[in-house]
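>>> Dropping a prediction and its sequence here:
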Amino acid sequence: MADAAGCSERTLKRNMDVRGGCLNLGEHYRHGPSANSSYLWRADLVIEALSHRGMVAAEGRKLLLELTASEQKN
């Protein structure tokens, strides 16, 4: 799954809702049939959520740069 999303397994786990991330149990992933099973991921929804998060972060950086530039003018 990590390969399909273009990230590491660690990144996926770090972005799980139980760790404060944007990937929600039941929507983006679920537990396997046993305690030792791997998580089962919805690749399409995971890619969409991570892409959205990246776009939001990029927009935030852009706004911060604009605010900093306008403060320097004053």
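Sure, I can see it.
>>> Surely residue 7 and residue 47 touch.
No - using Cβ atoms under 8 Å, residue 7 is not in contact with residue 47; the gap is 9.5 Å. All C-beta atoms are positioned from the backbone trio N, CA, C, and that covers glycine.
>>> Now do the same for the residue most central in space within the chain: its pLDDT.
The chain has residue 50 as the residue nearest its centroid, 3.7 Å off, counting by Cα atoms, centre = their mean. Note for residue 50: predicted pLDDT of 95.
>>> before we move on, what about the one 4 residues further on?
According to the model's per-residue confidence, residue 54 sits at a pLDDT of 92.
>>> Now do the SS call for it.
helix (DSSP: H, G, I helix; E, B strand; the rest coil).
>>> separation between it and residue 12?
Using Cβ to Cβ, to the nearest Å, residue 54 is found at 14 Å from residue 12.
>>> Please name every helix or strand in contact with the lowest-mean-pLDDT helix or strand in the chain.
Ranked by mean pLDDT, DSSP states H and E, the weakest helix or strand in the chain is helix 2-5, scoring a mean of 90. Using 3 or more Cβ pairs under 8 Å, 6 or more residues apart in numbering; DSSP states H and E as the contact test, the elements touching helix 2-5 are helix 9-14, helix 43-73.
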